[in-house]
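Asks: need the 3D shape of this:
(chains A and B)
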Amino acid sequence: MTSLVVSNIGPASSVQDGGRHGAQRYGLTPSGAMDQLSLAAANTLVGNAPLAAGIEIGPFGAAFTVRDGAVRVALAGSPRSAEIAGRSVAFDSSVTIADGQTLNLGFARGGAFSYLAIEGGIEGEPMFGSLAVNARAGLGSPYPRPLQAGDAFLVTAASGGPERRIELPKPAKGPIRVILGPQDDEFAEDMKALFLDSEWKISATSDRMGYRLEGPAIRHLHGHNIVSDGTVDGSIQVPGNGAPIVLMRDRGTSGGYPKIATVISADFGRFAQTPAGTSFQFKALNMAEAQAEAKAFAKLLRSLPDRVSAIENFDLNIEALQHANVAGSAVSAVDAGTWHALTGE
Amino acid sequence: MPERISIAGEKRYSMDFARAPNEAMAAAFSPPRLLPSGDSAITVEFSRDIDDAANQRVLALDRALNEAPIEGITETVPTYRSLLVHYDPGRIDFDTLGTQLVARAQMPAPIMTQPRRWRVPVAYGGENGIDLEDVAKARNTTADEIVARHTAGDYRVAMIGFTPGWSYLSGLASFLHMPRRQNPRLLTPAGTISIGGVQTGIQCLAGPSGWHLLGRTPVRTYQLHRAPTFLLEPGDRINFYAIDAKTFAEQDRAAEAGEIIAELTAS
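Replies: Below you'll find the model as predicted:
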C-alpha cells in the first residue's frame, strides 16, 4: 500500500475539509479548513472534490515522505519554502513525489496555513460527513487530533499524466470587511467607531478556536455578560477585558459575550491567513454589499476547475526554457515554479 | 419589560414572575428582533434575558422550520432566547428570509408532541461534586438539603451549546440560584452536574467551567459510536436522582461501553 508519512510536523496542523454541519444544535462546531479557497484550489489541482479532506499545515515547518509508490499532491495557501530532493516545488501546482522522496516545507511566510491535497483524497472514517479534526470533541479521521511525526496516510498511487497549475486571482488586500451586529447595540457609537478606525494585530496566543486581537480596549454599554446565544465563523465577541476575539472554525457553538460584528464569509479565509503581529483594519459593509461578496466568492469557488491548466515540459531545464524564449504555457510553467520563491522572501 | 437584576460580575436575568399576565400574552405574539450574524446567518431574538416564554417560542420556531423548511436555510441552532438560522445567501437573501421568519414566529406553533422525560442519576458531593458543601454553607443548610432541592426540580433542556452535549437546563429552584465563581476552573470533569446563575446543567466533556460542581452523572449526553450520538434534544424534560459513588463507578463503566443509563419515563 502506498502511504504518505508525516516525518516532521509543527503544532496546529491537522486534517481538515469543508467541516461537519447540522449538529451545532447539539454543541458540535463545524470545524473545517481555515482557508477554504486554498484547500479547494489544492484539491482541484489533484482532481478531488473542492472541499475534500486535505492536510492543513500550521505556521511551522513540515515534511512528508512517500513510501511504496509515487503520490501526486498539490500545495496552496500561505507561501513557504517547499522542496523535494533539493528542487523547489511550486505552490498552486501539482507535483508528484517519487517513492522514498520527502517533501520538505518551511515556515509560513506572509500567511498562516498552507494546504496539502493528495490525489485520491485521504482515507478515513467520516463522522457526521466529515474527516475534519475537532480534537476537543474527539473527532477527525484517520487521527482525531493534530498531526504528529510518524502519522501515516494510506493514499492512492499517482495517476501519471501532466502536472497542473491553477490561476488564482491575486489575494485581496485592504481591510477585513465585517457586518456590524448581532449585538452592536451593546456598544456606544464612539466604541463602534474605535473598533472600525483602529489598527489591530492578531495575538500570538490565537488558535483554531479564536483569534485574539491586540489594540484599544472596546468598552461595553451594559457590561460584558449577555445571555448565551449562537455564534458563527467570524463572530467578533468582546469579553470583559475589552480585547475582541474573532471566533474561528473550532469555536464554541454558543457564547455569552456581546458580539460587536461578524467577519463577512468572503473575507474569513483571508482573515484566517493574517499572520500574528501584522497590522490590519476592519471596514463595515451593509448586508447587500456583504451578500454580493458572498455570491462572488461562491462563484470563484465554482470557477476553480476552469482555472486549471496542464503544465507541459515540466521536467525541462528551466534555463534552457528561458533561453528558448517560448511563449505560452511553458513560460507559465517557469513562472509557476519560481513565483513563490521570488516573492516569498 | 422584565426587571433586570445584576449579580456582581454576573449575567442579567429576567424576573418573569414580575410580569403582568396581559404583558406576557402580548410578549407571546410580539415580533422577534432580527439581528444579522454576518452574511449567512440571522439571529431571531425573542428576548434579551433568560425567559421561559421566549425559550418556548425559540423551540416552537425551530420545530416549525423543521416541519416546513424554508428553501435556503442550512441549519438552525436554538438557544435560550434566540434561534440562530444559518442560510445560503446564494439561495435566499437577508430581507426575504427575515420577512418569512418573522411571519413564522408569529404563527401558532405546530402541535407539540409530548416532550420526552429522562431520569438521570447523579452522584452528589465528595470527589464527584467538590462544591456541594460550599453551596450548602452559602445557603446556611446541609448538603442533603441541597441534594433534595436539586433532585426535586423539574427541568427542561433550554439549549445545548458551547461544547458537544453541554445541556443548559431551566427550572432551577430560586433557592439554588448562585452567582458563578469569581475564578472559573480551567478543567472540570466529564459528566459534571453544576449550578450557575439561574441555571443547572449537564456538562458532557471535561473542560473549563465557572459553575458550582454538585455532582457527576455517568450519563453521556454525547458519545461517539453510540446510537444516538446525542442523547438529549432541546425541550426534553429532566429529573435527577441521587446515586452513591459506588453505583456511579459501576454505571460509568457501563456508559463507557455504550449504555445509555438515563431512563426514558412516561411524562
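
Asks: contacts, neighbours, all on C-alpha from now
Replies: OK.

Asks: give the contact list for the closest residue to chain B within the stretch 151-300 of chain A.
Replies: Residue nearest to chain B within the stretch 151-300 of chain A: residue A:252 (4.3 Å; C-alpha to the nearest C-alpha). Residues in contact with residue A:252, defined by C-alpha atoms under 8 Å, 6 or more residues apart in numbering or on different chains, are A:27, A:28, A:29, A:209, A:231, B:161, B:162, B:163.

Asks: phi and psi next, for it.
Replies: Residue A:252 adopts backbone torsions of phi -70, psi 150, taken as degrees, to the nearest 10.

Asks: ok, now the one 3 residues further on?
Replies: Dihedral pair for residue A:255: phi -150, psi 160, per degrees, to the nearest 10.

Asks: ok, the spatially closest residue to it that is not a sequence neighbour - contacts?
Replies: Setting aside the residues directly before and after it, residue A:255 is nearest to residue A:228 in space (C-alpha to C-alpha, 6 or more residues apart in numbering or on different chains), at 4.9 Å. For residue A:228, the contacting residues are A:254, A:255, A:256, A:257, B:79, B:80, taking C-alpha under 8 Å, 6+ apart as the criterion.

Asks: show me the contacts for the first one.
Replies: Yep, that's residue A:254 we're talking about. By C-alpha under 8 Å, 6+ apart, the contact list for residue A:254 reads A:27, A:228, A:229, A:230, A:231, B:79, B:161, B:162.

Asks: just the contacts of residue A:228: which are in helices?
Replies: With helices taken from DSSP state H, there is no overlap with the contacts of residue A:228.

Asks: is it possible to export the residues you listed to JSON lines including distance to residue B:220?
Replies: Shown next, in JSON lines, are the contacts of residue A:228 (distance: C-alpha to C-alpha, whole Å):
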{"residue": "A:254", "distance to residue B:220": "20"}
{"residue": "A:255", "distance to residue B:220": "22"}
{"residue": "A:256", "distance to residue B:220": "24"}
{"residue": "A:257", "distance to residue B:220": "28"}
{"residue": "B:79", "distance to residue B:220": "21"}
{"residue": "B:80", "distance to residue B:220": "22"}
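
Asks: out of those, which one sits closest to residue A:213?
Replies: Proximity of those to residue A:213 (C-alpha to C-alpha) peaks at residue A:257, which lies at 15.0 Å.

Asks: touching, that closest one and residue A:235? I think so.
Replies: No. At 10.5 Å, residue A:257 and residue A:235 do not qualify as touching, with contact defined as C-alpha atoms under 8 Å.

Asks: so between those two, which is more surrounded?
Replies: More neighbours sit around residue A:235 than around the other of residue A:257 and residue A:235, counting by other C-alpha atoms under 10 Å in any protein chain shown; the figures are 30 against 22.

Asks: ok, the closest residue to that one other than its chain neighbours - how many residues close by?
Replies: Beyond its immediate neighbours in the sequence, the residue positioned closest to residue A:235 (C-alpha to C-alpha, 6+ apart) is residue A:262, lying 4.4 Å away. Neighbouring residues of residue A:262 were enumerated by other C-alpha under 10 Å; the total is 27.

Asks: give me the element residue A:262 is part of.
Replies: Taking DSSP states H and E as the definition, one finds residue A:262 inside strand A:259-263.

Asks: what does that strand contact?
Replies: A:176-187, A:192, A:233-238, B:37-38.

Asks: pull up the pairing partners for it, direction included.
Replies: Note on strand A:259-263: by DSSP bridges, its sheet partners are strand A:176-180 (antiparallel), strand A:235-237 (antiparallel).

Asks: how far off centre is that strand?
Replies: For strand A:259-263, the distance from its own C-alpha centre to the chain's C-alpha centre is 21 Å (C-alpha atoms, centre = their mean, to the nearest Å).

Asks: for residue A:95, name its beta-bridge partners.
Replies: residue A:73.

Asks: and the least confident of the contacts of residue A:228?
Replies: Comparing pLDDT over those, the lowest score belongs to residue A:256 (81).

Asks: what helices and strands are in contact with the strand or helix carrying residue A:309?
Replies: Under the criterion of DSSP H and E, residue A:309 resides in strand A:308-310. Under the contact criterion of 3 or more C-alpha pairs under 8 Å, 6 or more residues apart in numbering or on different chains; DSSP states H and E, the helices and strands touching strand A:308-310 comprise strand A:164-166.

Asks: the strand it packs on packs against which elements?
Replies: Applying 3+ C-alpha pairs under 8 Å, 6+ apart, one finds that strand A:164-166 contacts helix A:36-45, strand A:93-97, strand A:308-310.

Asks: can you list the strands that the helix or strand following the longest one pairs with?
Replies: Counting by DSSP H and E, the next helix or strand C-terminal to helix A:36-45 is strand A:54-57. Strand pairing for strand A:54-57, determined by DSSP bridges: strand A:14-16 (antiparallel), strand A:114-118 (antiparallel).

Asks: comparing those strands, which comes out most buried?
Replies: For the strands paired with strand A:54-57, average neighbour numbers computed from mean count of other C-alpha atoms under 10 Å in any protein chain shown are highest in strand A:114-118, which has a mean of 29.

Asks: please work out how many residues are found near the closest residue to chain B within the stretch 1-150 of chain A.
Replies: When distances are taken as C-alpha to the nearest C-alpha, the stretch 1-150 of chain A approaches chain B most closely through residue A:27, which lies 3.9 Å from it. Applying other C-alpha under 10 Å, we find 24 other residues in the vicinity of residue A:27.

Asks: what's the answer for residue A:49, then?
Replies: Taking other C-alpha under 10 Å as the criterion, the count of residues near residue A:49 is 15.

Asks: surely it and residue A:39 touch.
Replies: No. With contact defined as C-alpha under 8 Å, residue A:49 and residue A:39 do not form a contacting pair (10.1 Å).

Asks: sorry, back to before: can you list contacts of the strand holding residue A:309?
Replies: Counting by C-alpha under 8 Å, 6+ apart, the neighbours of strand A:308-310 from elsewhere in the structure are A:44, A:45, A:162, A:163, A:164, A:165, A:166, A:167.

Asks: what sits against residue 222?
Replies: No chain was given, so I picked chain A. residue A:186.

Asks: other chain: chain B
Replies: B:164, B:165, B:204, B:229, B:230, B:231.

Asks: name only those of the residues you listed that count as buried.
Replies: B:164, B:165, B:204, B:230, B:231 (16 or more other C-alpha atoms under 10 Å in any protein chain shown).

Asks: which of these sits closest to residue B:70?
Replies: So of the buried ones among the contacts of residue B:222, ranked by how close each gets to residue B:70 (C-alpha to C-alpha), first place is residue B:230, at 25.0 Å.

Asks: measure the closest one to residue A:224 for me?
Replies: Residue B:230 sits 31 Å away from residue A:224, going by C-alpha to C-alpha, to the nearest Å.

Asks: equivalent analysis for residue B:252, please.
Replies: Between residue B:252 and residue A:224 the distance, using C-alpha to C-alpha, works out to 38 Å.

Asks: next one: residue A:245
Replies: For residue A:245, the distance to residue A:224 equals 13 Å [C-alpha to C-alpha].

Asks: now do residue A:109
Replies: According to C-alpha to C-alpha, residue A:109 and residue A:224 sit 36 Å apart.

Asks: between those two, tell me which one has more neighbours.
Replies: Neighbour comparison, residue A:109 and residue A:224: the larger count goes to residue A:224, with 21 against 18 (by other C-alpha under 10 Å).

Asks: hang on, the earlier thing: just flag the most distant two among the contacts of residue A:252.
Replies: Greatest spatial distance in the contacts of residue A:252: A:209 and B:161, 14.7 Å, computed using C-alpha to C-alpha.
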